[in-house]
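Visitor: Attaching a predicted model along with its sequence, questions to come.
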Amino acid sequence: MKALEVRSLTKYYGEFQVLKNVSFSVEPGERRAIIGPNGAGKTTLFNIISGTLKPTLGKIFFFHRDVTYMSAYRRSRLGIGRTFQITNLFFNLSLMDNINLALQISNSSLNLEEFLRSWGFWEKRRTRVGNLSYGEQRQVELLLALAQSPKLILLDEPTAGMSPVETEAITRIITELPRDITILIIEHDMEVVFTLADSITVLHYGQILCEGTKEQVKSDPRVKEVYLGTAGEEV
Ligand SMILES: Nc1ncnc2c1ncn2[C@@H]1O[C@H](COP(=O)(O)OP(=O)(O)O)[C@@H](O)[C@H]1O
Ligand SMILES: [Mg+2]
């Protein structure tokens, strides 16, 4: 049983083909990184998987269920969680109110105190999210997705704009996620990718350039040439 299967996905924006016949699948519990240069179509792919965007052609299966035309709301209730590349929080509300709102749209029966304590945010539960640091806000975004008890979580550049210390903190949180959550992560920081991921899919101009274990992708000459731009050198 696959957690996720993306089958022959094609997406056009007008005349521009942003995804070209993209197919891949992810096992339950797998941690898959999606890497590739800016504009490769990574965020578009996530939008189609989470349901905020419809594909032109192709299908998405979530635990064998065809969700291609299901609303984003229903997908999130089925267990597809995501964070956004652009921070998506209610800045005027407290941390706890933000999480309660997320819980209302899912059917999660979460123990809020236990949850916030386990991620080290209990003491900050009454803090207005707007008063948290940028790094904390990105962590809260991740907590919002987690509070909905997802089976699959899509993380779009969770470390973007973070300091090294903040990057380390969020990487640790992701590493410590329970193994029954399948993770798809778009990430530019290769150190984070190699720390977190089991496997990597490289997207290039809307097509899969290569896919495999970290070791396979790291040593693939096409990846070195096209993406890492270090042909012939050690990555
Ligand atoms: N709503 C849109 N309309 C037209 N073009 C878009 C739209 N969203 C993204 N694009 C274009 O599609 C390409 C892929 O974008 P995106 O999926 O955001 O790539 P990535 O996340 O890999 O950087 C880019 O060239 C981008 O300019
Ligand atoms: Mg993107």
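Guide: Received, thanks. Source: prediction; values computed, not measured. Residues are numbered from 1 along each chain as shown. Ligands and ions are numbered 1, 2, ... in the order given.
Visitor: Could you export stretch 158-172 as PDB, CA atoms only?
Guide: The C-alpha trace of stretch 158-172 is given here as PDB (Å, rounded to 0.1, in the frame of the first residue of the first chain):
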ATOM      1  CA  PRO A 158      10.200  24.900   6.300                       C
ATOM      2  CA  THR A 159      13.700  26.400   6.900                       C
ATOM      3  CA  ALA A 160      13.400  29.300   4.400                       C
ATOM      4  CA  GLY A 161      14.600  32.600   5.900                       C
ATOM      5  CA  MET A 162      15.700  31.000   9.200                       C
ATOM      6  CA  SER A 163      18.900  31.500  11.100                       C
ATOM      7  CA  PRO A 164      21.200  28.500  11.600                       C
ATOM      8  CA  VAL A 165      19.900  28.000  15.100                       C
ATOM      9  CA  GLU A 166      16.200  28.200  14.000                       C
ATOM     10  CA  THR A 167      17.000  25.800  11.200                       C
ATOM     11  CA  GLU A 168      18.500  23.400  13.600                       C
ATOM     12  CA  ALA A 169      15.400  23.600  15.900                       C
ATOM     13  CA  ILE A 170      12.900  23.000  13.100                       C
ATOM     14  CA  THR A 171      15.000  20.200  11.700                       C
ATOM     15  CA  ARG A 172      15.000  18.500  15.100                       C
END
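Visitor: Check which helix or strand R138 maps to.
Guide: Assigned by DSSP states H and E, R138 belongs to helix 134-147.
Visitor: How about residues contacting whichever helix or strand comes after that helix?
Guide: Following helix 134-147 in sequence order, the next helix or strand is strand 152-156 (DSSP H and E). Residues outside strand 152-156 that contact it (CB atoms under 8 Å, 6 or more residues apart in numbering): 3-4, 26, 42-43, 46, 49-50, 62, 79-85, 142, 145-146, 174, 177, 181-187. Bear in mind the C-beta positions are built from the backbone N, C-alpha and C, glycine included.
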